[in-house]
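Undergrad: Compute the structure for the input listed below.
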Amino acid sequence: MHIGRLVFAQVMDLLPLSEFRRCVARYPERRPGRTFSCLDQFLCMAFAQLTTRESLRDIESCLRAVPTKLYHLGIRGAISRSTLADANERRDWRIFADFAQVLIADARELYAEDTAVADLTQTIYALDSTTIDLCLELFPWAKFRRAKAAVKLHTLIDLRGSIPTFIHITNGKVHDVNALDVLTPEPGAYYIMDRGYQDLERFHRLHLAGSFFVTRPKTTLILSRIQSQVVDKSTGVRSDWIVKANGVTTASAYPDRLRRIRFRDVETKKTLIFITNDFVLPAHIIAAIYKARWQVELFFKWVKQHLHIKAFFGTSENAVKTQVWIAMSVYVLIAILRKRMNLEHLSLWQISQVLSLTCFEKRPVNSLFLYELPAPEDPQAGKQLSFLDF
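TA: Numbers count the residues shown, from 1 in each chain. Sure thing, here's the model as predicted:
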């Protein structure tokens, strides 16, 4: 970071441009643009995310208003909404998906020393999805219902830093459980899911891969008790059973044993039941792991409120996926900035809000977050002496 450079340019310095060029070379264009490169496209879309631009016309107007600063922002091509629209429609979205994975790897390395639950060293993932409603006339490829379109973001986040590690974009009809088919299990990692992901055959694949899952069972799942284990009821645990799936279909789908934990939440006064294939961790730690799943809900809330993914700049599937992946890149970039500049005392929301207002300022980025309180004024300073003071 250097004094005299624009804040936006300093933030973009965190991008590994050599890796970006490799991603671009991996998916060559039939007719490569000469005046508007992939990097120009990424920077324009990243600018739109950071400053919450609403449309292509909005992006064009803002950037054309500062023509002398475009070079210092890193943008070399001519700015026009038609050029940006064509780039979003034409250029392969996998360029930006692969580059986002590069940034995700950097962010996960920075947050590797953080702990998510009870000082556990194992990686804990939360899997969930969110649906974004669309207009069926403009997005016919994303048909959801008879008169409605939607895309669904199947997302896996690493709870250390709430970093998204896997994003699968489908139309709204695809059921959540299908995300497990395209997910590559990580041995030794924990996967937290809600009951909508219950599928014992898919759970067994996670088990055979050496992964652990924690979820809540549906009421239709019948389990037979094999063994009861001693529990400490002061921790909220009411029962800890070793069970087996009972039924012709379920028993064949998951032939191994499972663990069923009944837990009483003191705060909500609710009794929750969990199933897992982990037989080592204490039962109350399993309950704490599932409770941490709420971070993925907060992630979706943050993304929808502070990134521009609820309305899209293009209507094709390629344009939608391009915008989503660049938005995720910006989110991860803010997380990287937060860690590298030791801003853990600030939330990602605070950092993004400050950056949105200071993109064109020439100040060191770290100085933007040095909040110094003004010195208290001397109550006697400037006070005129009265006659009684003599």
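Undergrad: could you give the mean pLDDT of whatever helix or strand residue 164 lives in?
TA: Here residue 164 sits within strand 163-171, counting by DSSP states H and E. Averaging pLDDT along strand 163-171 gives 91.
Undergrad: Sheet-wise, list the partners of that strand with their directions.
TA: strand 148-158 (antiparallel) (DSSP bridges).
Undergrad: Could you export the partner strand as PDB, CA atoms only?
TA: C-alpha atoms of strand 148-158 as PDB (Å, rounded to 0.1, in the frame of the first residue of the first chain):
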ATOM      1  CA  LYS A 148     -41.700 -17.600 -11.600                       C
ATOM      2  CA  ALA A 149     -38.000 -18.000 -12.100                       C
ATOM      3  CA  ALA A 150     -35.200 -18.300  -9.500                       C
ATOM      4  CA  VAL A 151     -31.600 -19.300  -9.100                       C
ATOM      5  CA  LYS A 152     -30.400 -21.300  -6.100                       C
ATOM      6  CA  LEU A 153     -26.900 -20.800  -4.500                       C
ATOM      7  CA  HIS A 154     -25.700 -24.000  -2.900                       C
ATOM      8  CA  THR A 155     -22.900 -22.800  -0.600                       C
ATOM      9  CA  LEU A 156     -20.400 -24.500   1.600                       C
ATOM     10  CA  ILE A 157     -18.600 -22.100   4.000                       C
ATOM     11  CA  ASP A 158     -15.600 -22.700   6.200                       C
END
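Undergrad: got the contact list for the closest residue to residue 326 other than its chain neighbours?
TA: In space, and not counting its chain neighbours, residue 326 is closest to residue 45: 4.4 Å by CB to CB, 6 or more residues apart in numbering. Every C-beta, even on glycine, is put in place using the N, C-alpha and C of the backbone. Counting by CB atoms under 8 Å, 6 or more residues apart in numbering, residue 45 makes contact with 84, 88, 313, 322, 323, 326.
Undergrad: same for the helix or strand containing residue 205, what does it pack against?
TA: Element membership of residue 205, judged by DSSP H and E, is helix 200-208. Packing partners of helix 200-208 (3 or more CB pairs under 8 Å, 6 or more residues apart in numbering; DSSP states H and E): strand 212-215, helix 248-253.
Undergrad: Taking helix 200-208 as reference, get the angle to the next helix-or-strand element following the longest one.
TA: Looking back up the chat, that one is helix 248-253. Remark: after helix 248-253, the chain's next helix or strand is strand 257-265, criterion DSSP H and E. Angle, strand 257-265 to helix 200-208, by axes from the mean of the first three to the mean of the last three CA atoms, to 10 degrees: 100 degrees.
Undergrad: Not counting strand 257-265 itself, show me its contacts.
TA: 217, 223, 225-226, 236-245, 270-279, 283-284, 286-287.
Undergrad: Please flag which of these sit within strands.
TA: 223, 225-226, 237-245, 270-276 (DSSP state E).
Undergrad: Now the weakest link among the helices and strands packed on helix 200-208, please, by mean pLDDT.
TA: Ranked by mean pLDDT, the helices and strands packed on helix 200-208 end with helix 248-253 at the bottom, a mean of 87.
Undergrad: Turn the helices and strands packed on helix 200-208 into JSON lines, including mean neighbour count.
TA: Output for the helices and strands packed on helix 200-208, formatted as JSON lines (neighbours: other CB atoms under 10 Å):
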{"stretch": "strand 212-215", "mean neighbour count": "23"}
{"stretch": "helix 248-253", "mean neighbour count": "12"}
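Undergrad: which residues of the stretch 1-150 of the chain fall in helices?
TA: 7-12, 17-26, 38-50, 56-64, 70-73, 81-90, 94-110 (DSSP state H, counting those that start in this stretch).
Undergrad: For the stretch 251-390 of the chain, which segments are assigned as helices?
TA: 283-291, 294-306, 317-340, 348-358.
Undergrad: Of those, flag the one that's most buried.
TA: Sort the helices of the stretch 251-390 of the chain by mean neighbour count, taking mean count of other CB atoms under 10 Å, and helix 317-340 sits at the top with a mean of 22.
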